[in-house]
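Chemist: Build the 3D model from these lines:
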Amino acid sequence: MLIYICEESENDALQLKHLLSTFSQEKGVKVEVIPFSSGRELSADYRQALRQPDLLFLDIHIGSENGITTAKNLQAIGYKGGIIFTTSSIDLTADIDDMEFPYYLQKPFDYPHFMNIMNHCCPILPKSQQFFSFVQKKKEISIPFADILFFETGQPHTVILHTSSENMVFRGALSVITDYFHNVDNFLPVGRSFLINLNHVTGRLRNDLIMSDGSIVQIPLRKQENVLQVVKHWKKDEAAEHEQRPSS
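Modeler: Residues are numbered from 1 along each chain as shown. Here you go, the predicted model:
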């Protein structure tokens with residue numbers, strides 16, 4: 001996710017970068033931040049950039065410039081991403097009512113309010129790729145959530161990551177990874193040995209699960225009823241969502 005920040009105060013810009021870093025870690029979303037000190041500088045970069053930002057943080061009043069005017073000008077030339085205005089006064093937000101997808105964040109920035117705004121704003125953004133990162137042989141590797149089939153407990157102190165293209169082993173504990181994916185709806189722990197991506201479950205073999213690569217995930221006897229019910233409901237909801245999509 002590429003994010004532009006336009007703030008008159010360097011401290012405000014640094015605080016936003018810190019909050020975005022926390023958001024990135026909690027959500028597993030790669031975030032790249034580019035700061036600007038004026039609307040003119042931001043607009044000039046936007047017109048020349050090969051890659052457009054997914055989200056803008058714009059100070060409503062930055063020096064003699066008006067962040068709202070900057071945002072409207074960008075939308076007029078095709079910007080479709082999210083916009084979050086930052087302001088010291090809630091009264092200044094009246095001028096954004098006629099804009100598409102306006103949000104505002106009041107200064108001084110408050111972490112719960114920031115996270116609430118981001119959670120509301122993200123659904124309107126283009127699908128941002130979410131990644132799981134780990135270190136293997138002193139090299140950081142990032143795997144898109146969508147490519148993860150399941151995690152499996154390996155030898156002592158290791159985890160096996162099964163992806164759509166290969167399997168990788170790295171040092172870690174499945175319990176820690178399960179906590180990391182706790183708020184990601186399509187990831188489900190299966191006993192103490194597996195954490196699966198429900199989107200990659202393709203069938204059942206008796207009371208075990210068949211994954212999209214043909215792997216079998218064994219469900220502990222005491223967990224079978226609960227896990228199979230979750231899988232059944234997930235597939236039912238997935239099918240209903242597919243039926244509701246307009247045909248091309």
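Chemist: Packing partners of the helix or strand of the chain with the lowest mean pLDDT?
Modeler: Comparing every helix and strand of the chain by mean pLDDT, DSSP states H and E singles out strand 65-66 as the least confident one, with a mean of 76. With contacts defined as 3 or more C-beta pairs under 8 Å, 6 or more residues apart in numbering; DSSP states H and E, strand 65-66 has these neighbours: helix 39-48. Where C-beta positions appear, they are placed from N, C-alpha and C, glycine not excepted.
Chemist: Can you tell me which helices and strands the helix it packs on packs against?
Modeler: Applying 3+ C-beta pairs under 8 Å, 6+ apart, one finds that helix 39-48 contacts strand 2-6, strand 32-36, strand 55-59, strand 65-66, helix 67-76.
Chemist: just for the protein, where's the confidence low?
Modeler: Low-confidence segments of the chain, defined by pLDDT under 70, are located at 28, 63, 90-102, 122-129, 239-248.
Chemist: Show me which helix runs longest in it.
Modeler: Longest helix in the chain, counting residues (DSSP state H): helix 224-244.
Chemist: can you list contacts of that one?
Modeler: Around helix 224-244, the neighbours that count as contacts under C-beta atoms under 8 Å, 6 or more residues apart in numbering are N186, L188, V190, L198, N199, V201, R204, N207, L209, I219.
Chemist: Could you check how far the fifth one is from I5?
Modeler: Yep, that's N199 we're talking about. As judged by C-beta to C-beta, to the nearest Å, N199 and I5 stand 33 Å apart.
Chemist: out of these two, which sits in the more crowded spot?
Modeler: Relative neighbour count places I5 above the other of N199 and I5, with 24 against 16, counting by other C-beta atoms under 10 Å.
Chemist: For the more buried one, give me its contacts.
Modeler: Taking C-beta under 8 Å, 6+ apart, one finds A13, L16, K17, V33, I34, P35, F36, F57 in contact with I5.
Chemist: Tell me what it is bridged to.
Modeler: According to DSSP bridges, P35, F57 are recorded as the beta-bridge partners of I5.
Chemist: How much space separates I62 from V176?
Modeler: Relative to V176, I62 is positioned 42 Å away (criterion: C-beta to C-beta).
Chemist: hmm, back to that, narrow the contacts of I5 to just the buried residues.
Modeler: Among the contacts of I5, those classed as buried by 16 or more other C-beta atoms under 10 Å are A13, L16, K17, V33, P35, F36, F57.
Chemist: Could you dump those into a markdown table and include distance to F114?
Modeler: Shown next, in a markdown table, are the buried ones among the contacts of I5 (distance: C-beta to C-beta, whole Å):
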| residue | distance to F114 |
| --- | --- |
| A13 | 14 |
| L16 | 8 |
| K17 | 12 |
| V33 | 14 |
| P35 | 17 |
| F36 | 19 |
| F57 | 10 |
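Chemist: on that earlier part again, which among the contacts of helix 224-244 gets closest to F23?
Modeler: Proximity of these to F23, judged by C-beta to C-beta, is greatest for N186, which lies at 19.7 Å.
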